[in-house]
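**Q** Okay, here's the prediction I keep looking at, along with the sequence it came from:
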Amino acid sequence: MAVVTRFAPSPTGMLHVGGVRTALFSWLHARRMGGKFILRVEDTDRERSTDEAVRVILEGMRWLGLNHDEGPYFQTQRFDRYREVIQRMLAEGTAYRCYCTKQELDEMREQQIARKQKPRYTGVCRDRTEPRAGVDPVIRFRNPLEGTVVVEDLVHGPVTFQNAELDDLIIARSDGTPTYNFSVVVDDMDMGITHVIRGDDHLNNTPRQINMLRALGHTPPVYAHVPMILGPDGAKLSKRHGAVSVLQYQEEGYLPDALLNYLVRLGWSHGDQELFTREEMIALFDIHDVNKAASAFNPEKLLWLNQQHMMRMSPAELVPHLQYQLQRLGLASDNTALLEGIILAQRERVKTMKEMAQNSRFFFVDDVPIDPKAAAKHLSAEGAPFLQDARDRLAALPDWKAQPIHDALHALATEKTVGLGKIVQPIRVAVSGGTVSPPIDVTLELLGSERTLARIDAALKRV
Ligand code: GLU
C-alpha cells in the first residue's frame, strides 16, 4: 500500500522548530517510501487560531522546501463532512446524545473525587432514549467498556491502554461543532493516511482515535510518536526558550537545509554522520530508527551546521538567500557574477547569510560610512603617500584581476620595506569603511577598478 503521511499543525501558536521537526519526519518518510505528503491545517479552535499562524505555516513550509502533494486542507472547511459522519455514528449507535447539564457533570466529578476515583463521564446517557426538554445535547462516542487498545507505536513500541480508563469522549459540542480528536479521526480516514507521525504529547489521544476509527469500520494507520524537543533547562521547548516562528530563522540568515539537517539529528542518527544533504536525508531516514528519548535544542550546533552548509552548497544555490538578506537591508542586485563572487569570498568568515549581507554592504552602496576609529588608525597623513602610490599602481594595471592586484600591492610593500598591512589596511578602510573584509585582492576585483579608485581618492582627500 502506498504510504500517505500528513503534517497537521494547529494554527494556535507560531510554527516553531518542534513542529518543523514533526513535519520533517513525516515528509521524509513519505519521500523515502515514494509516498504522498499531505498538509492539513487543524483550525477548528476558532478562538485560538490566527491568520498569522496560518501564514507562518504555509510560508514556513515553502521556505523549508517541505512540499506537499495534497492540501493544504483546512478543517474549518470540512464541517459538513464531520456532521455527516456524526449522523452516521448516531444512526449506527456508535455515538449517542448526552443531555447531562454542566451542573450534573460537575456533581459527578465532585463525587468521584470524594470517592478518590479518577473523574470520568459515567455514561448515564448511553441508554437514554428520550430527549430532555431545554437541553442542547452534546454527542459522545460510545467507547468500548472492556478490553484493551494496543498502540503499536513505531517509536515507543507497543503501548497498552485499558478501555475502562477511557470515557465516552465528546465528538460534537452542543452547537454541533466537532471536537479536535474527532476531526482528526475523520480526516485521517478520509485522506487515507497510512502513517501518523506526530509529537508524543498526542500518544494519550491515540487509543481513543483508534477506537473511533474501528467503530467507523476503518483500519487505523500506523503511529509513530516522536519525542519532544526540550529547552536547555530540560522543559518542553517553548517561547520561553526563544522558540520562535520558523520564519525568524529565515530572517536570521539560516539556510533551510541547515535547519532541517539540525532537526533530523534530534532523535535520529546514522552512525556518527552529522552533515546531511536533503537527498541523503531522504535516502537514509528511517522512522523505525527514531529513538524515544527527548533531545535538547542546541543553538550553537545549529549555527555551526549553517556555516557547514554555506561552505558546501554551490554559490549559485546560495544567491537567492543572499539576495533575500540584501533586500532586507534595502539593497538589491541581480548581478549573479558579483553575488557568487561575494559568496565565495565571504562564506568562510560568516556563520549566517544575514551576516554575509551585512558585511557585504559596501559592494552595493557608494556612500560607505568610514568607521572613525579605523580612519584614525589607518588613514593618517603619514600613511597617505603609500596610499597614493598604491592608487597609482592599481590605476596602471591593465587587467583588473585578483592576481595582478595582489602582485602589485606586494611589490609596493617590498619596495618600501614596510609590512603588507601598511599598504593594505588603508585601502581596506577606504573601500569597505572598516578593517575587516575578505582578502584585499578578491575584494578589489569584485568591487571593480572604478569604484576602488574613486573610494581611494575620497579617502586621500580626508587625510
Ligand atoms: N494539530 C495537532 C497539533 O498541532 C496535531 C495533531 C496530529 O498530528 O494528529 O499538535
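**A** Sure, I can see it.

**Q** Check the burial of residue 67 by counting its neighbours.
**A** 11 (other Cβ atoms under 10 Å). The way it works is simple: take the backbone N, C-alpha and C, and place the C-beta from them, glycine included.

**Q** Report the contact partners of it.
**A** 27, 37, 61 (Cβ atoms under 8 Å, 6 or more residues apart in numbering).

**Q** One more pass at 10 Å, please.
**A** 27, 31, 37, 39, 61 (Cβ atoms under 10 Å, 6 or more residues apart in numbering).

**Q** Then residue 300?
**A** Per Cβ under 10 Å, 6+ apart, neighbours of residue 300: residue 351.

**Q** Would you tell me what the next helix or strand after the helix or strand harbouring it is?
**A** Residue 300 belongs to helix 299-312 when assigned by DSSP states H and E. Following helix 299-312 in sequence order, the next helix or strand is helix 315-328 (DSSP H and E).

**Q** Could you check the angle that following helix makes with helix 299-312?
**A** 120 degrees (axes from the mean of the first three to the mean of the last three Cα atoms, to 10 degrees).

**Q** which helix in the chain runs the most residues?
**A** helix 17-32 (DSSP state H).

**Q** tell me the SS of residue 145?
**A** For residue 145, the assignment made with DSSP: H, G, I helix; E, B strand; the rest coil gives coil.

**Q** ok, it touching residue 123?
**A** Yes. Using Cβ atoms under 10 Å, residue 145 is in contact with residue 123, at 8.0 Å.

**Q** The ligand contacts on the stretch 101-250 of the chain?
**A** Proximity of the stretch 101-250 of the chain to the ligand (Cβ under 6 Å from any ligand atom) is limited to residues 184, 198, 202.

**Q** The stretch 101-250 of the chain: helices as residue ranges?
**A** Secondary structure of the stretch 101-250 of the chain by DSSP state H, counting those that start in this stretch: the helices cover 102-114, 180-190, 206-215, 246-251.

**Q** Mind putting these into CSV with mean neighbour count, distance to residue 372 and mean pLDDT?
**A** Formatted as CSV, the helices of the stretch 101-250 of the chain follow (neighbours: other Cβ atoms under 10 Å; distance: least, Cβ to Cβ, whole Å; pLDDT from 0 to 100):
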stretch, mean neighbour count, distance to residue 372, mean pLDDT
helix 102-114, 12, 70, 93
helix 180-190, 21, 60, 97
helix 206-215, 21, 64, 98
helix 246-251, 19, 30, 96
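
**Q** returning to what we had before: residues of the helix holding residue 300 that come out buried?
**A** Buried residues in helix 299-312, counted by 16 or more other Cβ atoms under 10 Å: 302, 303, 305, 306, 307, 308, 309, 310.

**Q** ok, now stretch 11-18?
**A** For stretch 11-18, by 16+ other Cβ under 10 Å, it's 11, 13, 14, 15, 16, 17, 18.

**Q** Quick one: residues contacting the fourth one.
**A** With contact taken as Cβ under 10 Å, 6+ apart, residue 15 is in contact with 7, 9, 23, 53-61, 64, 245-247.

**Q** For ChimeraX, what selects the buried ones among those residues?
**A** A single ChimeraX command selects the buried members of the contacts of residue 15 (16+ other Cβ under 10 Å):
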select :7,9,23,53,54,56,57,58,60,61,64,245,246,247
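
**Q** before we move on, back to that, if we check the ligand, which of the buried residues of helix 299-312 are in contact?
**A** Among the buried residues of helix 299-312, the ligand is touched by none when using Cβ under 6 Å from any ligand atom.

**Q** Can you tell me which of the residues you listed is closest to the ligand?
**A** residue 302 (22.6 Å; Cβ to the nearest ligand atom).

**Q** wait, doesn't that closest one sit right on residue 20?
**A** No. Between residue 302 and residue 20 there is no contact under Cβ under 10 Å: 11.9 Å.

**Q** so what sits against both of those two?
**A** 249, 259, 262, 263.

**Q** Put together JSON lines for the residues you listed, with distance to residue 1 and secondary structure on each row.
**A** Rendered in JSON lines, the data for those read as follows (distance: Cβ to Cβ, whole Å; DSSP: H, G, I helix; E, B strand; the rest coil):
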{"residue": "249", "distance to residue 1": "36", "secondary structure": "helix"}
{"residue": "259", "distance to residue 1": "32", "secondary structure": "helix"}
{"residue": "262", "distance to residue 1": "32", "secondary structure": "helix"}
{"residue": "263", "distance to residue 1": "28", "secondary structure": "helix"}
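
**Q** Make TSV out of these and add distance to residue 79.
**A** Shown next, in TSV, are those (distance: Cβ to Cβ, whole Å):
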residue	distance to residue 79
249	34
259	35
262	38
263	34
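
**Q** By neighbour count, which of these wins?
**A** Neighbour-wise, the shared contacts of residue 302 and residue 20 (other Cβ under 10 Å) top out at residue 262, 26 neighbours.

**Q** which residue sits closest to residue 453, ignoring its sequence neighbours?
**A** Counting by Cβ to Cβ, 6 or more residues apart in numbering, residue 395 is the residue found nearest to residue 453 once chain neighbours are left out, at 5.8 Å.

**Q** on that earlier part again, hmm, which two among the buried residues of helix 299-312 are most spread apart?
**A** 302 and 310 (12.7 Å; Cβ to Cβ).

**Q** between those two, what contacts are shared?
**A** 254, 258, 351.

**Q** Would you pull up the residue in the stretch 151-300 of the chain closest to the ligand?
**A** Closest point on the stretch 151-300 of the chain to the ligand, by Cβ to the nearest ligand atom, is residue 198, at 3.5 Å.

**Q** related to what we said a few turns ago, anything in the longest helix of the chain near the ligand?
**A** No. Helix 17-32 lies apart from the ligand when judged by Cβ under 6 Å from any ligand atom; the minimum separation is 6.8 Å.

**Q** packing partners for whichever helix or strand comes after that helix?
**A** Using DSSP H and E, the helix or strand that follows helix 17-32 in sequence is strand 36-41. Applying 3 or more Cβ pairs under 10 Å, 6 or more residues apart in numbering; DSSP states H and E, one finds that strand 36-41 makes contact with strand 4-7, helix 17-32, helix 51-64, strand 70-74, helix 180-190.

**Q** can you pull out the strands in this structure?
**A** 4-7, 36-41, 70-74, 95-98, 138-141, 148-153, 157-162, 170-172, 195-199, 222-226, 229-230, 295-296 (DSSP state E).

**Q** partners of the third one in the sheet?
**A** Taking DSSP bridges as the criterion, strand 70-74 pairs within the sheet with strand 36-41 (parallel).
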